[in-house]
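1. quick one, fold the following:
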Amino acid sequence: MVKNCDLFYKVKSGDTCATIAAAKGVTVAQLTTWNPYVKSDCSLLWVDYNICISIVGHTPTPVKPGNGIQTPTPIQSGMTTSCRTFHFVTSGQTCQTIIAKYGITQANFVKWNPAVKSDCTGMWANAYVCVAVL
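-> Next up, the predicted model:
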C-alpha cells in the first residue's frame, strides 16, 4: 500500500475492484496503483482487508461536465475529454504493452493521448493515459 494513503475501505464479501472504485469515485487503475498487492487484475482482493481508496492530494475532477467520470491525476496535456477508462503508466511500460492489454489500436491510443506522439516517445511514466472513450 502507498505511504500517502489518507482513506481506507474494508473489503466486504462480493466486492470487486470495479464495484469499490465506482462506489468510492476512483478508478480501478487508481485502486491497483495505491494497493499494488491486489495485482492489476484484482486477483488478490481479500475480504476483511483494508485497501487504500484515496491518497493525500487526490482531488478527482470530471473529464467532461456531466459525464460522471472522474479524471485521475497526473495526466499529459491534450487527453481526450471523452475518456472513460484510464491506465496508470508504470516505469518500463510501452505503448505496445498498454495497447495490447486493452485491445485498442495505436491510432486510437495516440488520438486519445496526443502528447504520447505517434512513435510513443512522449509517453510519461507515473501518469495516466486514456484507454477507452465514451
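
2. which residues does the nearest residue to residue 13 once chain neighbours are set aside contact?
-> Leaving aside its sequence neighbours, residue 13 sits nearest to residue 47 (CB to CB, 6 or more residues apart in numbering; 5.2 Å). For the C-beta atoms, the positions are set from N, CA and C on the backbone; glycine is no exception. Contact analysis of residue 47 by CB atoms under 8 Å, 6 or more residues apart in numbering lists 11-13, 15.

3. same check, this time on residue 88
-> Taking CB under 8 Å, 6+ apart, one finds 29-30, 32-33, 72, 126-128 in contact with residue 88.

4. between these, which is closest to residue 1?
-> Lowest distance from residue 1 to the contacts of residue 88 (CB to CB) belongs to residue 33, with 10.6 Å.

5. report the separation between the nearest residue to residue 10 once chain neighbours are set aside and residue 129.
-> Counting by CB to CB, 6+ apart, residue 10 lies nearest to residue 50, which is 5.3 Å off, once chain neighbours are set aside. Note on residue 50: its distance to residue 129, by CB to CB, to the nearest Å, is 28 Å.

6. and if you look at residue 7?
-> In terms of CB to CB, residue 7 sits 25 Å off from residue 129.

7. the more surrounded of those two?
-> Neighbours per residue (other CB atoms under 10 Å) separate residue 7 from residue 129, with residue 129 holding more: 25 against 14.

8. for residue 95, grab the count of nearby residues.
-> Neighbours of residue 95 under the rule other CB under 10 Å: 21.

9. quick check: it touching residue 109?
-> Yes. Counting by CB atoms under 8 Å, residue 95 does reach residue 109; the two are 6.3 Å apart.
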